[in-house]
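**Student:** Sequence first, then the predicted structure:
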Amino acid sequence: MTFERDARTALADGQLRGALRQATTLFGERRRAALSTVPDWEGARDRARAIKDETLEHLDRYLEQFAANAERAGARVHWARDAAEACDLIGAIAERRGARTVVKSKSMATEEIHLNAALARRHIEPVETDLGEYIVQLAGETPSHIVVPAIHKTKAQIAALFADKLGIVPSDDVATLTAAARAALRGSFAEADLGISGVNFAVAETGTILILENEGNARLTTSLPRTHVALMGIEKVIPRFADLDVFLQLLPRSGTGQVLTAYQSLLTGTKRRPEDEGPEELHIVVLDNGRSRMLAAAVTRQSLACIRCGACLNACPVYRQIGGHAYGSVYPGPIGAVLSPQLFGLARSAALPYASSLCGACRDVCPVKIDIPALLLHLRAEVVDSRVGKGRLRERLAFSIYAALMARPRLFEWVMRFARRLRIMPRLGAWTKWRDLRPLAPQSFREQWRTGLRDAGDADA
Amino acid sequence: MRVSLFVTCLADQLWPSAAVGAVGVLRRLGCAVEFDERQTCCGQPAFNTGYRPAARTLARRQIEIIESSAADAIVSPSGSCTAMVHHYDQLFDDSAWRARARGVADRTHELSSFLVNQLGVEDVGASFSGRLTWHDACHGLRDLGIKDEPRRLLRRVTGAELVELPNAEACCGFGGTFSVKYPEISVAILDEKVDAIERAGVDAVVSGDASCLMQIAGRLSRRGSMVRAMHLAEVLASK
C-alpha cells in the first residue's frame, strides 16, 4: 500500500522526475562509454561472478581467514548478528573512546542498520561527509540511490537547502555550493573523535579493506580520527588480493561510468608507529542482519554477489520513473526489490517484487550477472505461498479460474465466444483509465483456421 | 518443412491477424503449417505473478501438446511466450520433466528468428508502403537474444522505410499483471516510448508481441495518434 501511494506521489513530482531522467540517462551513457575500455567485459563479468560464487560457497572459511589476518594487522573484528547488535557495538566503541562528534563516509550498511539514529540516541553527533549524503542529511531525508544518495534533488533545490542550512548567499554555482559544504565539513573532520566508513571489499588473504570514493572524504574519515570503525556485510569478503583486479574493472565503470574512482583506500590494520598516519584503533564490524538466510538456496544466494554498483537502478524503467524513496527501503530499485524482502521480511516488502515489468534490463547491466528477474519471480512465488500482501484473495480466485479455464480448450473457446458475442469485457479500470482496451477480435484465430484458413494451405502449396 | 503454429492466447483472441499473417508468410516460404486446437495459454501470467502450481499445470499441457506434434519446428508470433516455453524447465524439480521441457524448448522458435536463422530467409516477398519503426519486446530481446532478425526482415519489405527509435530497446511498461497492478508507473514508462514513436514520424510501430502492441496501441489511440501498431507478421504478410 505504501509503495503504491509513494510511487504515485513520486510520479506527480515533476522536479523529481526531471532530476531522475537526467541523472539516470547520464550514468547509463557514461557506463556504456566506460565499458568500451575493457577488452573483454563479458569475461570480466564471468570471472567476478565465479569469484563471488566460490566465496559464498565457503563464506565461513573466508570470513574467518579475513578476521584472523585483519586482527594480526592490528584491527579488532566484531560480529553483529543484526542491526541492533551492530548499533550497540559501534555505539559502545564510540562511548568508550569518548566521542562526541563522528564523521562518516558513505556506507549503505550504516543506512541499513539506521546507525545515525542510534548514535543520536547516545548523544553522539554523526556527520555525513560524502557530499550527496551530506545534502540528504541536511535535508533530513534518506538516500534515494545506493551510489548517488541525492539523485532525487535538482541543483536549485540543493542551492535553496544550503542557503537555508549553511547560511550562505543563495547560489546555484556548483563550485560555490561544493566549497560551502567543504568549509563546513572541514570543521567536523577536525573535531571528530571517530570515523565510520563502509567497506567495498575485504580481502581474506591479507585482512585488507578497500574503500572506493571520489571526494577524499573517506580517506580523511579513515585516517584523521584516532579511531576508525568500518561496517561491512558478510558478503563483502573476497578470497585473494589479486581478485581486486577484476572487481576494480567492474565496479567504478558500472557505478559511475568511471574507469577508476578518484581514491582507492586499501587499509590493513592500524598505524604501526606513533609517527605514522592512520587511526590508533581500527574496529571492523561484520554484519549478518538476514544475509546468511540467503545462503540456503542457489537462487537466493546470488543476491549476495551484489557489489552495490547501482547500475540496475539507473537501467530500471520503474526506478527511472519513481526514484528510490517510493521503495520504502534503504535498498531501492531492482536489487532493492530483491534484497529488501529477504533482509527485512516478506510481509513488510510484499509489493516490491512486483514493482518490475520483468524487462531484464537490470540483468543485462549487472556486473556480476545476478539474474534479478529470476529472483523477483522466486520472491513473487514466496509472496503468494505465504499469503502476504494486499488483494491476494481476489487474485488467488482469478488465477484458479484462469488455470481451470486454460486447461479446457473447448470451455476456453466457448467462454471467449460468449464474451465476444455479448461484448463482455473485464472491468479493467486500471487499464482503461489511461489506455484504450483492444476489443476481442470478431473472429478468433482458431475459428478462422477452422473456417477456411486450414484448407487454404492446400491451395497455396 | 512442417511447422506447427504456437499461436498464444493473446494472438488467438486479440490479435488473430498476427497469427493469420504468420501462417501466410510461412506458407509463402513453402512450409506446411499445422495448428493444434488444444492450445490455450502457455502459463506465463501465472508464472510471472507467482502462481507456480497453475503455471506448472499449463506448462505440462503445453509440453504434451508440443511433444505430440510431428512437425519439424514449433513457431510462435511471440517472443514472450516462446521465452516462457524456454523457461519451463525452471518450473520442475524432477529430472524427467526438466528434460522434456528442454526438449520442447529446443524445438520452439519465435517467428523472426525462425525465418532468419532456421529458414535462412530475409526477403519474404512482402510489400508495405510507409515509414516503420521497430519496438524490441523485452523477452524476445533479452531472453532470446533477438535483435537483428526482425530488422533484417523489415529492411527487405518492398516500399517500407525502417527508422530506429532512440529507445527501441526500452521496455514499453506492459509487464503482464504489472500493467494493472501499477498502472500509473506502467503508463509513465509507456509515455516515453509513445513520445519517441510520435517524434519518429512513422506510419506504424512494429513489434513481435501482441502484449506490447496492446499496451502501445492502447496509449496511441487514447492520445489520438494516427500511428498504427502492427505485428511483424502482419507487415511480412502484406503484399
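**Tutor:** Thanks, I have it.
**Student:** the strands in chain A, which residues?
**Tutor:** A:76-80, A:101-104, A:125-128, A:194-197, A:201-203, A:208-213, A:227-233, A:237-238, A:263-267, A:281-287 (DSSP state E).
**Student:** which SS class is the residue of chain B found nearest chain A?
**Tutor:** Nearest to chain A in chain B, going by CB to the nearest CB, is B:Gly175, at a distance of 2.8 Å. C-beta: built from backbone N, CA, C; applies to glycine. Look at B:Gly175: counting by DSSP: H, G, I helix; E, B strand; the rest coil, its state is coil.
**Student:** Could you count how many residues lie near it?
**Tutor:** The number of residues packed near B:Gly175 is 27, by other CB atoms under 10 Å in any protein chain shown.
**Student:** Does it touch A:Ala355 like I think?
**Tutor:** No. Applying CB atoms under 8 Å, one finds B:Gly175 not in contact with A:Ala355, separated by 10.0 Å.
**Student:** ok, and the closest non-adjacent residue to the most centrally placed residue in chain B?
**Tutor:** For chain B, B:Ser78 is the residue whose C-alpha lies nearest the centre (CA atoms, centre = their mean; 2.0 Å). Excluding the flanking residues, the one nearest B:Ser78 by CB to CB, 6 or more residues apart in numbering or on different chains is B:Thr8, at 4.6 Å.
**Student:** Neighbours of the one you found, how many?
**Tutor:** Number of residues near B:Thr8 (other CB under 10 Å) recorded here: 28.
**Student:** Test my guess that it contacts B:Ser76.
**Tutor:** Yes. B:Thr8 lies in contact with B:Ser76 (CB under 8 Å); the separation is 6.0 Å.
**Student:** ok so, going back, how about the residue nearest to the centre of chain B, what does it touch?
**Tutor:** B:6, B:8, B:10-11, B:110, B:208-211 (CB atoms under 8 Å, 6 or more residues apart in numbering or on different chains).
**Student:** about what we covered before: out of the strands of chain A, nearest to chain B?
**Tutor:** Of all the strands of chain A, strand A:227-233 sits nearest to chain B, with 27.2 Å by CB to the nearest CB.
**Student:** now the angle from the closest one to strand A:281-287?
**Tutor:** In terms of direction (axes from the mean of the first three to the mean of the last three CA atoms, to 10 degrees), strand A:227-233 departs from strand A:281-287 by 20 degrees.
**Student:** For strand A:227-233, which strands pair with it and how are they oriented?
**Tutor:** Applying DSSP bridges to the sheet, strand A:227-233 is found paired with strand A:194-197 (parallel), strand A:281-287 (parallel).
**Student:** Out of these, which one sits most buried?
**Tutor:** Neighbour counts (mean count of other CB atoms under 10 Å in any protein chain shown) averaged over each of these peak at strand A:194-197, with a mean of 29.
**Student:** chain center to it: distance?
**Tutor:** Between the centre of strand A:194-197 and the centre of its chain there are 22 Å (CA atoms, centre = their mean, to the nearest Å).
**Student:** hmm, who's touching it?
**Tutor:** In contact with strand A:194-197 (CB under 8 Å, 6+ apart) are residues A:90, A:93-94, A:97, A:99, A:102-105, A:107, A:110, A:115, A:126, A:211, A:218, A:220-231, A:279.
**Student:** Can you show me the CA trace of that strand as CSV?
**Tutor:** Taking Å, rounded to 0.1, in the frame of the first residue of the first chain, the C-alpha atoms of strand A:194-197 are listed here in CSV:
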residue,chain,number,x,y,z
LEU,A,194,35.8,8.8,15.5
GLY,A,195,35.4,8.0,11.8
ILE,A,196,32.9,5.5,10.5
SER,A,197,33.1,4.0,7.0
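**Student:** any idea of the mean pLDDT for that strand?
**Tutor:** Regarding strand A:194-197, the rounded mean pLDDT is 98.
**Student:** Stretch B:182-192 too?
**Tutor:** 98.
**Student:** Restricting to C-alpha, output that stretch in PDB.
**Tutor:** This file holds the C-alpha atoms of stretch B:182-192, laid out as PDB (Å, rounded to 0.1, in the frame of the first residue of the first chain):
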ATOM      1  CA  TYR B 182       0.800  -0.400 -11.000                       C
ATOM      2  CA  PRO B 183      -1.000   1.300 -14.000                       C
ATOM      3  CA  GLU B 184       0.400   4.800 -13.300                       C
ATOM      4  CA  ILE B 185       4.000   3.600 -13.400                       C
ATOM      5  CA  SER B 186       3.300   1.400 -16.400                       C
ATOM      6  CA  VAL B 187       1.900   4.400 -18.300                       C
ATOM      7  CA  ALA B 188       4.700   6.700 -17.200                       C
ATOM      8  CA  ILE B 189       7.100   4.200 -18.800                       C
ATOM      9  CA  LEU B 190       4.900   3.800 -21.800                       C
ATOM     10  CA  ASP B 191       4.700   7.500 -22.400                       C
ATOM     11  CA  GLU B 192       8.400   7.700 -23.000                       C
END
